[in-house]
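**Student:** sequence and predicted structure below; questions after.
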Amino acid sequence: MRIVVKIGSNVLTRPDGRLSIAHIAALVEEVAALYEAGHRVMVVTSGAVAAGCARISLPPVIDRVIRRQVLSAVGQPSLMDTYRTCFSTTGLPMGQILVTKSDFADRDHSENIRQCITALLDHGVIPVINENDAVSVESLMFTDNDELSGQVARLFNVDLVVILSSVDGLYTGDPADPASELIREVRPGEDRSGGVVRSTSSKGRGGMTTKLSVTSALAREGIACAVANGNRPGVLKAVVFGDPPDFPCTRFLPAERRG
Ligand code: GLU
């Protein structure tokens, strides 16, 4: 299978805001296990801004856009350095791809991205993709990396998108409310937006609202998706191989593909 694994900022960082090497190492090992099992895996990672926050402090009055540019420029190398170290222990090489939303709007640019990622995969390199936040124009930015994952998934017509977050999946209400229940399965075309709480995660840009809109759209186009908790050990094995079958997550069943 061709699989996109999206890793959110809250999964990659510790409560003090620094990158969690232990979490990244565990997820990289799981990605390597999927690769060894014959899957072609593309990683979409957040965490550049969060990593930047842990490295420098900026005055609170600084312009929002400049803040994001500076933090991501400082944080992206740290993020990649951590990935590179973790991948090297698995023996798998990784390659960094930074993209902007406008790259996907232009046929030549998106074809260039497709060619590069295909070549990486053909040569046994795991692509690790992020938005180029340092140079992304505010009005032309992805809502978040969930949206970027959707674009990558479409470009490669992948079989599965796994969005790793800090909650188990989509709930019938606020995940913090004990009365809310985890929704295990969403059928294509089924509207489960009623219970979604419109808050974003503490470190990332998106939230469950974009996750739901991206996964629902992909599922309608025939691409299976899952939202799962990236902090649970064995999460990728559980989602991809269905082992254990009762692993808590939300699966978005794909509509039949046309053509
Ligand atoms: N590209 C942003 C980063 O690396 C994250 C965007 C998001 O939160 O999805 O910090």
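**Tutor:** Structure received.

**Student:** only C-alpha atoms for contact and neighbour calcs from this point on.
**Tutor:** Will do.

**Student:** burial measure for Val196, as a count.
**Tutor:** Using other C-alpha atoms under 10 Å, the number of residues around Val196 comes to 17.

**Student:** from Met42, how far off is the closest residue to Ile21 other than its chain neighbours?
**Tutor:** Nearest residue to Ile21, sequence neighbours excluded (C-alpha to C-alpha, 6 or more residues apart in numbering): Thr82, at 6.8 Å. Distance from Thr82 to Met42, counting by C-alpha to C-alpha, to the nearest Å: 17 Å.

**Student:** so Gln69 sits against Val137, correct?
**Tutor:** No - between Gln69 and Val137 there is no contact under C-alpha atoms under 8 Å: 9.9 Å.

**Student:** neighbour-wise, which of the two wins?
**Tutor:** More crowded of Gln69 and Val137, by other C-alpha under 10 Å: Gln69, with 21 against 15.

**Student:** helix or strand: which one has the more buried one?
**Tutor:** helix 64-90 (DSSP states H and E).

**Student:** what comes into contact with whichever strand or helix holds Asp146?
**Tutor:** For Asp146, the element it lies in under DSSP H and E is helix 145-156. For helix 145-156, contacts defined as C-alpha atoms under 8 Å, 6 or more residues apart in numbering pick out 2-4, 6, 8, 44-46, 101, 104, 110, 114, 130-131, 142, 160-161, 163, 206, 210-211, 214-215, 218.

**Student:** just the buried residues of these.
**Tutor:** The neighbour count (16 or more other C-alpha atoms under 10 Å) marks 3-4, 6, 8, 44-46, 101, 104, 110, 130-131, 142, 160-161, 163, 206, 210-211, 214-215, 218 as buried among these.

**Student:** angle of the helix or strand hosting Val227 against helix 145-156?
**Tutor:** Assigned by DSSP H and E, Val227 belongs to strand 224-229. Computed by axes from the mean of the first three to the mean of the last three C-alpha atoms, to 10 degrees, the angle separating strand 224-229 from helix 145-156 equals 150 degrees.

**Student:** now do the buried residues in the helix or strand following strand 224-229.
**Tutor:** Toward the C-terminal end, the helix or strand that comes next after strand 224-229 (DSSP H and E) is helix 235-241. Of the residues in helix 235-241, 235-240 count as buried by neighbour count, 16+ other C-alpha under 10 Å.

**Student:** likewise stretch 71-81?
**Tutor:** Buried positions in stretch 71-81, judged by neighbour count with 16+ other C-alpha under 10 Å: 71-76, 78-80.

**Student:** check stretch 97-107 too.
**Tutor:** Across stretch 97-107, burial judged by 16+ other C-alpha under 10 Å covers 97, 99-101, 104.

**Student:** so which of those residues are in strands?
**Tutor:** In strands, defined here by DSSP state E, the members of these are 97, 99.

**Student:** what would the buried residues of stretch 97-107 look like in JSON lines with distance to the ligand and pLDDT?
**Tutor:** JSON lines is the format used below for the buried residues of stretch 97-107 (distance: C-alpha to the nearest ligand atom, whole Å; pLDDT from 0 to 100):
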{"residue": "Ile97", "distance to the ligand": "12", "pLDDT": "98"}
{"residue": "Val99", "distance to the ligand": "10", "pLDDT": "96"}
{"residue": "Thr100", "distance to the ligand": "10", "pLDDT": "94"}
{"residue": "Lys101", "distance to the ligand": "11", "pLDDT": "93"}
{"residue": "Phe104", "distance to the ligand": "16", "pLDDT": "93"}
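
**Student:** of the buried residues of stretch 97-107, closest to Ala176?
**Tutor:** Comparing those against Ala176 with C-alpha to C-alpha places Lys101 closest, at 33.1 Å.

**Student:** lovely, talk soon.
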